[in-house]
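**Student:** I'd like to go over a predicted model; first the sequence, then the structure.
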Amino acid sequence: MSSTDLRVSSYESPRKIMFLIKEFLLKNNKIVVFGTSNSADNCAKACQTLVRFGYVTYSDIKTSTEIENNRRLTYIKITLTKTKDFEKLYKENEEAKKKMEEEKKKNEKNE
């Protein structure tokens, strides 16, 4: 694994994976997301959502199977590249989240 790799656990939600990918891509142009058979669906969901929202594009998708200690291990490897609109989308999303948090705090004070 290199410094552009993110290994995903089966315990991580697609939302958390998306957050980690976006944070990493603030300083990098490309990321490789790895998952095992147990985490492949969450990897795919997170990556597909980021593609659909325009943050990234797919550069490569590979699957592999290895035999280790008489056990079959299946992996998915998704390479993503950030789009030219990444920074703009990221900033807009952060501003929207901040505004929602402020409104939530304001509503809690009024109750």
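**Tutor:** Done, it's in.

**Student:** contacts for the least confident helix or strand in the chain by mean pLDDT next, please.
**Tutor:** Ranked by mean pLDDT, DSSP states H and E, the weakest helix or strand in the chain is helix 86-110, scoring a mean of 87. Here helix 86-110 makes contact (CB atoms under 8 Å, 6 or more residues apart in numbering) with 22, 25-26, 53-56, 83. Quick note: C-beta positions are derived from backbone N, CA and C, even for glycine.

**Student:** for the spatially most central residue of the chain, identify the helix or strand it belongs to.
**Tutor:** Nearest to the geometric centre of the chain sits residue 18, at 2.9 Å (CA atoms, centre = their mean). Using DSSP states H and E, residue 18 falls within helix 14-25.

**Student:** what's the angle between that helix and helix 86-110?
**Tutor:** Orientation check (axes from the mean of the first three to the mean of the last three CA atoms, to 10 degrees): helix 14-25 against helix 86-110 gives 130 degrees.

**Student:** could you identify the helix or strand that succeeds helix 14-25?
**Tutor:** Next along the chain after helix 14-25, with elements defined by DSSP H and E, is strand 30-36.

**Student:** if we can go back for a sec, chain center to the least confident helix or strand of the chain: distance?
**Tutor:** In terms of CA atoms, centre = their mean, to the nearest Å, the gap separating the centre of helix 86-110 from the centre of its chain is 20 Å.

**Student:** for this protein, give me the ranges with low pLDDT.
**Tutor:** Residue ranges of the chain with pLDDT under 70: 1-3, 111.

**Student:** mind running it again at 90?
**Tutor:** Low-confidence segments of the chain (pLDDT under 90): 1-4, 10, 37, 68, 73, 97-111.

**Student:** one step back: buried only: go through the contacts of helix 86-110 for me.
**Tutor:** Using 16 or more other CB atoms under 10 Å as the burial test, those include 22, 25, 55-56, 83 as buried.

**Student:** ok, residue 38 - contacts?
**Tutor:** Applying CB under 8 Å, 6+ apart, the residues contacting residue 38 are residue 10.

**Student:** the one 5 residues further on too?
**Tutor:** Remark: with contacts taken as CB under 8 Å, 6+ apart, residue 43 is in contact with 8, 17, 33-35, 76, 78.
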